[in-house]
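Peer 1: Predicted model and sequence follow; I will ask about them next.
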Amino acid sequence: ELEMITDGVDRGVKVMAQAVSETYDYSDSAKQRLISLEFKRKRYQRWMARQALTSNRRKRTKKRIAKTFVQQAHIRNDFCHKTSRKIVGQESIEVIVMENLKTKNMTGKAKAKQDEQGRWLKNGAKAKSGLNKAILSKGWHKLEAYTMYKAQRENKVVCKVSPHYTSQE
């Protein structure tokens, strides 16, 4: 009798990945580092807004802004590699199931709304942009891609299922 053990991975905004047996999320120091880099980038952007367009100081500030993006990408990349290794490295698991998330569809822009008089109504654009930023900052696709190629190396199967009703117990 051949028995295959399956592990489902639910990706989310609050908790990066929730498997059946374990929760995978950024460490507290990594979370703090991502936040501090975000604040640093905003400060640099405020500086750049007041600098002359052709100055060397502005060029230096642009490089600093770019560096914060790169540092955040390294933190996400490191987390996705380590997490995918943990997920695939479990000896008893043969099949890994993930949601088939359409990130592009989930991060669309909020539509503008008008009333009968032509005035613009509140449409929750600020909340939607915050959600979009949270979704994109997690690196869901990287985690999926890394898990897939590592699973292939270990001769394990990664299945993608419809995300409908998968976050419920």
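Peer 2: Received, thanks.

Peer 1: Could I get the full set of strands for this structure?
Peer 2: Read by DSSP state E, the chain holds these strands, from start to end of the chain: 6-11, 17-19, 23-24, 95-99, 113-114, 120-121, 157-161.

Peer 1: Now the longest one: buried residues?
Peer 2: Across strand 6-11, burial judged by 16 or more other C-beta atoms under 10 Å covers 7, 8, 9, 10, 11. Just so you know, the C-beta spots here come from the backbone N, C-alpha and C atoms, and that holds for glycine as well.

Peer 1: Ok, stretch 97-104 next?
Peer 2: 97, 98, 99, 101.

Peer 1: Between those residues, which sits nearest residue 34?
Peer 2: When the buried residues of stretch 97-104 are ranked by distance to residue 34 (C-beta to C-beta), residue 101 comes first, at 20.9 Å.

Peer 1: wait, doesn't the closest one sit right on residue 13?
Peer 2: No. Using C-beta atoms under 8 Å as the test, residue 101 is too far from residue 13 to be in contact (11.3 Å).

Peer 1: And for residue 143, the neighbour number?
Peer 2: Here the number of neighbours of residue 143 (other C-beta atoms under 10 Å) works out to 23.

Peer 1: now residue 133
Peer 2: 13.

Peer 1: can you pull the pLDDT of it?
Peer 2: Confidence per residue is given as pLDDT, and for residue 133 that number is 90.

Peer 1: got it, and residue 121?
Peer 2: pLDDT recorded at residue 121 is 89.

Peer 1: Flag every buried residue along the helix ranked longest in the chain.
Peer 2: What stands out as the longest helix in the chain, according to DSSP state H, is helix 56-88. Applying a neighbour-count criterion of 16+ other C-beta under 10 Å, the buried positions in helix 56-88 are 58, 61, 64-65, 68, 72, 75-76, 79-80, 83-84, 87-88.

Peer 1: Just give me the closest of these to residue 123.
Peer 2: Checking the buried residues of helix 56-88 against residue 123 with C-beta to C-beta, the nearest one is residue 72 at 28.9 Å.
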